[in-house]
Structures are given as structure tokens and as C-alpha cells.
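Asker: next comes the sequence, and after it the predicted model I'd like to discuss.
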Amino acid sequence: MALGVPLRQLTRAVYGIPIPNRYTVFEIRKSSGGSRIIHVPHREIKFVQKSLAQLLQSCLSEIETRNGVKHPVSHGFHPKRSIFSNAWPHRNKNYVMNLDLEDFFHSIHFGRVYGYFEKNNDFLLNPKVANLIANISCHRNDVGGTFLPQGSPCSPVISNLIARPLDSKLRIFAKENKCRYTRYADDITFSTNLDNFPESIALLDSVKKYWVVGSGTTKIITKSGFRLNLGKTRMSVAGTRQMVTGLVVNRQVSVNKTTYKWARAASDRLFKEGVAFKRDPSTASIHTTDRQVTIAQLIGQVNHICHARRKSNIPLLHSRDMVGPELLYRRLTYYDRFFSNKNTLIICEGETDNIYLKIALKKFGANFKNLYNHVDDKATVQLLNITTHVTSYTALNGGSDQQKSFLQNFDNDMRIVKDRWADKPVILLGDNDSGANAIMQILRGKSIIAGDIKTAQFTHYIKNLYVIFTPVTSKTDNSMIEDFLDPKASKAILGGKSFHLGGKGFDEKKHYGKKALAEHVKENADKYDFSSFNSILKRLDLAVGDYAERLARSMA
């Protein structure tokens, strides 16, 4: 069938699970105050709902394409659309009018879902199929009513389908009145640069001095099967702060300064004390106690601010030149990755090094007490994944030059935590070759150890940062991580080509490079001997043990 779900599984999900067990109900607090009721479906129901959501989303995209809709006015729960795309058409306007549809999801009940899929010209489904879709998507409450539950994977797309006639009518209505119209779930916005806002959409009560929804708007919304929450009607005029779905639209689309100032203050407290708080708007007038927020929530908020800046074409500067929200995001990134890390973090020169080290840790990590927790049966080290975000905000993208810059600036970058000690160390792991000379020169300049840094098991640099080089081999005074591979690996012929380290003499017709070798080794890890990596793992183990001792002494 179209859902791709076996009949027995479908029947069980729709009819076999008792009503009290079908959904788990809980409340989440809104940032603006109050709470929202969320219904999380039983895992069997959720599986079917996900399949239905994917199918209906494809149908919605096909319907929009067929009808020539290039810029849909519905921006909620839609691919490639967001609160930013919803706010963008309303920037720099004389008037911005925000309306709210009351009980948006709850107003879409079993009968509406069934009737839509049976009678709408884009579907015209068999009544039994329409009935099945309604049974999959709707939930029955304690008093016998039905509704689309918030928390169901298919509620968003079904609500968008059922609200299409409303969107179509309000879009035409707005255009006739020289206004722009968008909708994000239950949030409706009209805006215009007219000198006077069209009274058929909304008008100012000259006696009570507040704006009321016009008869034309009310009529369309009511006839479309929805109703307005009149208490959330808001008009913003030029010269005052104009907001759409939580974003300021006076000029560009941005996050309001109050949010940024709170994020900056909360982050500063997190850096200095390890905790951050946010006052709960719904209880602030009663209680003085603030609500604790996690670093993930803070990062999400600052990411939201920075994303708005990218959408407004504000360029992202180099990590060393960042100011404002980007600098705050950079500091949060450092705190999250290099100070509050729950496991020892290893920063390799590149992605191929990560591949080899992961395999070695999987094979032999349990043999080292500081690299493995036998009680929890899991590794206690992790490797830094070089993502676009990491590169943008730390300048780490593989290579000894980036490691050198990271090393030089680490003390300054971590001033945000003052004298606090991190729970776990961060280890720079690099090849012991000419590329590491600059890093070794920095370490020697600090006079950190009396012996030879090149042959040292590890070097503690500053705070929780360590540097480890691959051990030198008996054959040469240098080494790189590939030297610790099973010799059979680098002798493998792949696609008629032999391995070459790169650089002078490399011929792409005859040779393959480090990345191809790493992928080959990853796919054939069981065929190769990784025991030579134990010398590297030993150095990591010693460094982790050394930091544990330093941390213990600091707390004594």
C-alpha cells in the first residue's frame, strides 16, 4: 500500500492500542508565558503517522506545483520555509498586523479530516481511505471529542492541507487591499505600506483606541472553519517595534535586542559559575526564582540570533574578527567543546587521522584505564568532528597550521572561565614531522618540560590542553599516523592504483591518496593489524591520567 506499512502493523496501530495508551500528554512552557499541551503518540502509532506525513507532504508539494504556486504563503512545517521566510515579506512596512487562530489544531477534528480527503478535488479519496487517514491522525479526548494532536508527525501537514482554502482566500483578500499576507501555523500576518490600513482587514476603534479585526477578515476565517483569538490581535506601526513570529521586521529580519542581552548575560554567568538562568515570563510577577537553562538551550538561542543575521545578509567574519552575537556564539562553542566536554576530547590533524584512531580505540581502548570505563562499558574519549560550524567558529579544519593557531590562542580564548578547572582534558594529536616544528617551537618557548618535546610521551601546555605527537620510529626521526598502519594496508591496489602520500610525484592516473586509503581501511578494518597504535593510545592514556592528578591537586 502507499504508506509502506504492513497491514497487520497498521491495524494494530490504528485499532489495537487502547485509547488511554495511545498518547503521552505533557506541558511545555512558552517563551512568551503560559504553556502548550503536547501529545506524544505511542511508538507504533508514531511510525504509521511518520509514513503518512511523508506521503501527504509529497502530495502537498505536487498540488502546489500543479497549481503554479511558487511562493506559498504558509511557512510553518514546510520544507525550506521557516519563521524567517514567514517574517521576510513584512519587513520595513508602515503597518504590521498579527492575528492568532484559536485552538488551531484542536479545531481540526475527525469529521473535518475525513471530509477533506473524501471531498476535496485534489484528493477525492474512497470514504474508507479517508476514514483510515482520520483514524491515524486524530486523537479522542476524555469527553469524546476528536482533534489533531500537537506532537503527532502528521498533524502539521494535515493542518496545512486543510488551511489551504483559508490561505488562498486571505492571500487574494490581502492583494485586493494592497497588503502582504503569510501564515505560520496559527499565526496570521498582514502588512502594508499604505498610509492608512485597510478597514476591511482591521480598523482602529476611535473610542477605545485599540485595533479590531475587520468584518472581511472575520468572515473569511469563520467560513473557512476557524476562529480568531481576539486577545492576541496586535497592530504595530512604523516607528515602534514590529514583530512577526518572534522576529523584528522594522528594517531587516532580526532577533530583538532584549533576547540577545539576556543570552549574553546568561552565557557570562555560565562561563563564570557553570549555571545559567532565565526568568519564566509566566511566573515572573509572582516568583523571584529564575528557571535554569542548559548550555544546549543557550547555544540554540544564540544560533537563532546568528541565523537571522545570515538571512539578512550580514557576513560571517573570520573567527578571530568576530564581534557581537557571533563572538558570543564563538565563546559558547569553546565552552561547550573544550571546557564542559563530558569526555576527553582529541583533536587530530585531519579526518583520516580520526578514522584510524577510532578503529584503534575500538580495538584496544579497553586495555587502557583512562580511555575506557568498564563499569559503563564505554569509551571515555571522543574525537572532534570537524564540521562547518567548528571550522567557522574555531578555524580548525585539519592541518598543523590550524592546530598551531588554536594552541597559541587557547589561553586567551578560555579566559571566559577565569580560574575554573575543566573536568576533562583536550588533547592536540599531530604527526611528528616537519609540519609540527612550529608547534614544538611554541612549546619550547614556554619551557614547559626539561626533556625533548619531540620524544616526550605528552606535553601539558596550559589549563586542560595537552599536545601529543606520534612516537618517532626506529628508522627515522620523524613519524606520521600512517606509519602505524599495518604495512599491508598501504600496499593495497585500489582500482588499479597504488598508494601515494601526495605531493611531488603524485599521478592521479596511477595513485590514490590518504583519503582513499583511510576509506579502504575503514571498510576493511578487521583485515588489518592495528596493534602499532597502542603506542599512541598509551600516550593518550598517560596524558588523561596526568590531568586527573592535576585536577585532584587543585581540589585538595
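Answerer: Cool, got the structure.
Asker: from here on, just use CA atoms for contacts and neighbour counts.
Answerer: Fine.
Asker: any low-confidence regions in the protein?
Answerer: 1, 30-34, 279-290, 447-451, 474-475 (pLDDT under 70).
Asker: which residue is nearest the middle of it?
Answerer: G300 (7.2 Å; Cα atoms, centre = their mean).
Asker: what about that residue, distance to H307?
Answerer: 10 Å (Cα to Cα, to the nearest Å).
Asker: now K278
Answerer: 21 Å.
Asker: could you look up the SS state of V212?
Answerer: strand (DSSP: H, G, I helix; E, B strand; the rest coil).
Asker: so it makes contact with S206?
Answerer: No: counting by Cα atoms under 8 Å, V212 sits too far from S206 to count as a contact (10.5 Å).
Asker: who has more neighbours out of the two?
Answerer: Comparing V212 with S206 by neighbour count (other Cα atoms under 10 Å), the higher total belongs to V212, at 16 against 8.
Asker: list the buried residues in the longest helix along the chain.
Answerer: When the chain is parsed with DSSP state H, its longest helix is helix 43-66. By 16 or more other Cα atoms under 10 Å, the buried positions in helix 43-66 come out as 45-49, 51-53, 55-57, 59-60.
Asker: which outside residues touch the helix or strand just after it?
Answerer: Sequence order places helix 83-87 as the next helix or strand after helix 43-66, per DSSP states H and E. Defining contact as Cα atoms under 8 Å, 6 or more residues apart in numbering, one finds that helix 83-87 is touched by 73-76, 182-184, 244-245, 247, 249, 253, 308, 311.
Asker: same thing with stretch 150-164?
Answerer: Contacts of stretch 150-164 (Cα under 8 Å, 6+ apart): 37-41, 46, 49-50, 52-53, 56-57, 60, 74, 76-78, 105, 108, 113, 116, 137, 148-149, 185, 224.
Asker: OK, contacts around R171?
Answerer: Residues in contact with R171 (Cα under 8 Å, 6+ apart) are 73, 180-182.
Asker: hmm, try it at 6 Å
Answerer: Contact analysis of R171 by Cα atoms under 6 Å, 6 or more residues apart in numbering lists Y181.
Asker: ditto for N464
Answerer: Applying Cα under 6 Å, 6+ apart, the residues near N464 are 425-426.
Asker: how much space separates it from S319?
Answerer: 22 Å.
Asker: ok, now H78?
Answerer: Where S319 is concerned, H78 sits at a distance of 32 Å (Cα to Cα).
Asker: swap in D477?
Answerer: 35 Å.
Asker: quick one: which of those two has more around it?
Answerer: S319 (15 against 12).
Asker: Q382: what secondary structure?
Answerer: Bear in mind the rule, three-state DSSP; under it Q382 is strand.
Asker: ok, so of the buried residues of helix 43-66, who is nearest N196?
Answerer: Set against N196, the nearest of these by Cα to Cα is L60 (36.2 Å).
Asker: how about the closest one, nearest residue that isn't a chain neighbour?
Answerer: Nearest residue to L60, sequence neighbours excluded (Cα to Cα, 6 or more residues apart in numbering): L161, at 6.9 Å.
Asker: restricting to C-alpha, output the helix or strand where the one you found lies in PDB.
Answerer: Using DSSP H and E, L161 sits in helix 155-162. Provided in PDB are the C-alpha atoms of helix 155-162 (Å, rounded to 0.1, in the frame of the first residue of the first chain):
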ATOM      1  CA  SER A 155      -0.700  17.000  12.300                       C
ATOM      2  CA  PRO A 156       1.400  19.800  10.700                       C
ATOM      3  CA  VAL A 157       1.000  18.700   7.100                       C
ATOM      4  CA  ILE A 158      -2.700  17.900   7.500                       C
ATOM      5  CA  SER A 159      -3.300  21.300   9.100                       C
ATOM      6  CA  ASN A 160      -1.600  22.900   6.100                       C
ATOM      7  CA  LEU A 161      -3.700  21.000   3.700                       C
ATOM      8  CA  ILE A 162      -7.000  21.900   5.400                       C
END
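Asker: any idea of the angle the helix or strand just after it forms with helix 155-162?
Answerer: Remark: after helix 155-162, the chain's next helix or strand is helix 164-176, criterion DSSP H and E. If you take axes from the mean of the first three to the mean of the last three Cα atoms, to 10 degrees, helix 164-176 sits at 60 degrees to helix 155-162.
Asker: report the buried residues of helix 164-176.
Answerer: Of the residues in helix 164-176, those buried (16+ other Cα under 10 Å) are 164, 166-167, 170-171, 173-174.
Asker: for those, which one is nearest V521?
Answerer: R164 (52.7 Å).
Asker: how far away is the closest one from K70?
Answerer: R164 is 14 Å from K70, by Cα to Cα.
Asker: and what of K424?
Answerer: From K424 to K70 the distance is 51 Å (Cα to Cα).
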